[in-house]
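> using only what follows, build the 3D model:
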Amino acid sequence: MTDWLGGTGDRIALSFGGRTVRYDELARAVGDAELPAGDGPIGCRADGHPTTVLVTVLAALERGRPVLVGGDRHDVERLAADPPPGTELALASSGSTTVDGRPRIIARTSASWLASAPALAELAGLGADDRIAITGPLAASMHLYGALHALSIGASVTDDLATATAVHATPTRLARLLDAGTLAAGTTAVVAGAALPERVRAAADARGIRLVEYYGAAELSFVLAGGRVGSATGLTAFPGVEIDLRPVDAGLELWARSPYLALDVVGGRLRRDADGFATVGDLAERTGDGLLRVLGRGEAAITTAGATVLAEDVEAHLVALPGVRDAAVVGEPHDLLGERVVALVELEPGVALRAVADAARASLSPVELPRRWFAGTLPRTASGKPARGVLRDEIVTGRRGTGHPLPFDSATASAVAATPGPTASADPRPRPTDAPRPDGARP
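Numbers count the residues shown, from 1 in each chain. The predicted model follows:
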């Protein structure tokens, strides 16, 4: 535990709801914490008070008890039945489920997170004098890590955005904070969880917010980062991470090797090769300036009329349209196309869905253009990411209603079928018809 507490004495460690806890008080609370009897894994509900969650996690780490943050009693039992050797810290993933519908449990060592703490502090310019705000539930790995990271450098963890000098946030959460004018000029925003829309980047710059972007995953921790001010075109390898791009049908799959990888996944297995590289299936491409751009999860690729459409690409176009707060794109089964592109958009008050669809028609190729539209609130994971799996189920089963289809006659169908792929002439990504096969590639 002492490795995670970089502050001492009467310095403020935690400040939630106006209640402050000094570092010496936090250390005593950790030492006095009562944990369940035995030496097996313990559960820690993530919907409790943040101070209680952090005290429980730190107490478990201090006493050598594996601790599962999030999940329920059944998930603790699953972890106890099959704990990856060396497990100290585990998280119930909100974004994926096992075959039986239970959350995946990602198990790691405490050291795998602690190892990245100095690199992030240097990258983001964070130190003991900072007040670092967490803007989401501690069940999400990015927020739990953000809180523990702040403690490790001796900073204060808070929910008071008005006085924070730094925040951890998803792009959607950051956009709402910027719209509300909550963050003070000079605040550092550490952003992850999805691609950062250009309009949000511009709004942050206009308000004097310093952006530090990174790409990672609960299983991989940090993979790519954008430096002190981020990059409009891509990211570079996070310090200590080796990157390998490997061809698959949908494009180039991103693999990483670093000291930050999780041990394994309970209820599934982390895809790892004999050389220590691992992947969660995200696709990436190299930009013209030698940086990397993450395209999204390969499983989010929509195959329509023989072409591959990446949901994140279409979402980025839609979010850039006037009046669109956020968007999620999925594929639904279609007799003619195989899959049909469908969009759910969150709209600003007074914005007409048809106007957005018409604007999208002008900016998207026929193969990318959504053919059915829904307006409403996006389903989200605990970390704030669009829950595409939930949305797809809602659409396929009819729980979202019928939506608003665009005219889709035989001429339109022919145009889609004749389109080789979005911006095919300028897009360097391999397509299903010409992608090099991974024969002889490492597993």
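> who are the contact partners of T172?
Contacts for T172 (Cβ atoms under 8 Å, 6 or more residues apart in numbering) come out as 194, 326, 384. In this view, the C-beta of every residue, glycine as well, is placed from N, C-alpha and C.
> and the host helix or strand of it, average pLDDT?
Assigned by DSSP states H and E, T172 falls within helix 171-180. Average pLDDT, helix 171-180: 89.
> quick one: contacts of the helix or strand just after that helix?
Counting by DSSP H and E, the next helix or strand C-terminal to helix 171-180 is strand 188-191. Residues outside strand 188-191 that contact it (Cβ under 8 Å, 6+ apart): 120, 124-126, 130, 146, 165-171, 174, 183, 204, 209-214, 230.
> same check, this time on stretch 51-64
Stretch 51-64 is contacted by residues 1, 4-5, 14, 16, 19, 21, 26, 29-31, 33, 35, 39, 42, 44-46, 66-67, 69, 88-89, 110, 138, 144, 147-148, 151, 157 when judged by Cβ under 8 Å, 6+ apart.
> which SS state does the residue nearest in space to the middle of the chain fall under?
For the chain, the residue lying nearest the average C-alpha position, counting by Cα atoms, centre = their mean, turns out to be G193 (2.6 Å). What DSSP: H, G, I helix; E, B strand; the rest coil gives for G193 is coil.
> mind listing the strands for the stretch 251-400 of the chain?
251-257, 264-266, 271-272, 278-279, 282-286, 292-297, 301-304, 307-310, 324-334, 338-347, 372-375 (DSSP state E, counting those that start in this stretch).
> roughly how far out does the fourth one sit from the chain middle?
So the one you mean is strand 278-279. 16 Å (Cα atoms, centre = their mean, to the nearest Å).
> rounded mean pLDDT for that strand, please.
Strand 278-279 shows an average pLDDT of 96 in the prediction.
> elements contacting that strand?
If you count contacts as 3 or more Cβ pairs under 8 Å, 6 or more residues apart in numbering; DSSP states H and E, strand 278-279 packs onto strand 251-257, strand 271-272.
> contacts for that strand, please.
The contact list for strand 278-279 (Cβ under 8 Å, 6+ apart) reads 219-220, 246, 253-257, 261, 270-272.
> now with 10 Å, please.
For strand 278-279, the surrounding residues in contact (Cβ atoms under 10 Å, 6 or more residues apart in numbering) are 217, 219-220, 223, 244, 246, 248, 253-258, 261-262, 264, 270-273, 298.
> now the buried members of the residues you listed.
217, 219-220, 223, 244, 248, 253-258, 261-262, 264, 270, 272, 298 (16 or more other Cβ atoms under 10 Å).
> and the helix or strand that contains T20, average pLDDT?
According to DSSP H and E, T20 maps onto strand 19-22. Averaging pLDDT along strand 19-22 gives 96.
> after it, which helix or strand is next? Please name it.
Reading on from strand 19-22 to the C-terminus, the next helix or strand found by DSSP H and E is helix 23-32.
> contacting residues around that next one?
Contacts with helix 23-32, where a contact means Cβ under 10 Å, 6+ apart, come from 1-2, 4-14, 21-22, 51-52, 54-63, 151, 154, 156-157.
> report the buried members of those.
Buried residues within these, defined by neighbour count using 16+ other Cβ under 10 Å: 1, 4-7, 12-14, 21-22, 51, 54-62, 151, 154, 156-157.
> what about dumping the CA coordinates of stretch 199-216 to CSV?
What follows is stretch 199-216, C-alpha atoms only, in CSV (Å, rounded to 0.1, in the frame of the first residue of the first chain):
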residue,chain,number,x,y,z
ARG,A,199,-14.9,20.0,-32.4
VAL,A,200,-14.2,19.0,-28.7
ARG,A,201,-10.5,19.5,-29.3
ALA,A,202,-11.2,23.0,-30.7
ALA,A,203,-13.5,23.8,-27.8
ALA,A,204,-10.8,22.7,-25.3
ASP,A,205,-8.2,24.8,-27.0
ALA,A,206,-10.5,27.9,-27.0
ARG,A,207,-11.0,27.6,-23.3
GLY,A,208,-7.3,27.1,-22.5
ILE,A,209,-7.7,23.4,-21.5
ARG,A,210,-4.5,21.3,-22.0
LEU,A,211,-5.3,17.9,-23.6
VAL,A,212,-3.4,14.7,-22.9
GLU,A,213,-4.8,11.9,-24.9
TYR,A,214,-4.1,8.2,-24.6
TYR,A,215,-5.4,4.9,-26.0
GLY,A,216,-5.5,1.9,-23.8
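> which residues touch the spatially closest residue to F222 that is not a sequence neighbour?
Nearest residue to F222 in three dimensions, chain neighbours excluded: F238, at 4.1 Å (Cβ to Cβ, 6 or more residues apart in numbering). Counting by Cβ under 10 Å, 6+ apart, F238 touches 116, 119-120, 123, 214-216, 220-226, 256, 258, 260.
> I'd like the distance between F238 and A195.
If you measure F238 against A195 using Cβ to Cβ, to the nearest Å, the figure is 17 Å.
> could you do A175 as well?
For A175, the distance to A195 equals 12 Å [Cβ to Cβ].
> which neighbours do those two share?
V319.
> ok so, going back, could the helices and strands packed on strand 278-279 be laid out in TSV, adding distance to E394?
Below are these laid out as TSV (distance: least, Cβ to Cβ, whole Å):
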stretch	distance to E394
strand 251-257	27
strand 271-272	28
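> gap between stretch 125-143 and the chain center?
Worked out by Cα atoms, centre = their mean, stretch 125-143 lies 15 Å from the chain centre.
> ends of that stretch, how far apart?
End-to-end span of stretch 125-143 (Cα to Cα, to the nearest Å): 18 Å.
> and it, what's buried?
By neighbour count with 16+ other Cβ under 10 Å, stretch 125-143 contains the buried residues 126, 130-143.
> from the residues you listed, which ones fall inside helices?
Among the buried residues of stretch 125-143, the ones falling in helices (DSSP state H) are 141-143.
> going by distance to H404, which of those wins?
Comparing those against H404 with Cβ to Cβ places M142 closest, at 34.2 Å.
> against G389, how distant is that closest one?
Distance, M142 to G389, using Cβ to Cβ: 19 Å.
> could you do R269 as well?
Going from R269 to G389 by Cβ to Cβ gives 19 Å.
> what's the answer for L378, then?
Taken as Cβ to Cβ, the span from L378 to G389 is 12 Å.
> who has more neighbours, these two?
The neighbour comparison of L378 against G389 (other Cβ atoms under 10 Å) goes to L378, with 20 against 16.
> all helices of the stretch 301-443 of the chain, in order?
For the stretch 301-443 of the chain, the helices defined by DSSP state H, counting those that start in this stretch occupy 311-319, 353-363, 388-396, 410-418.
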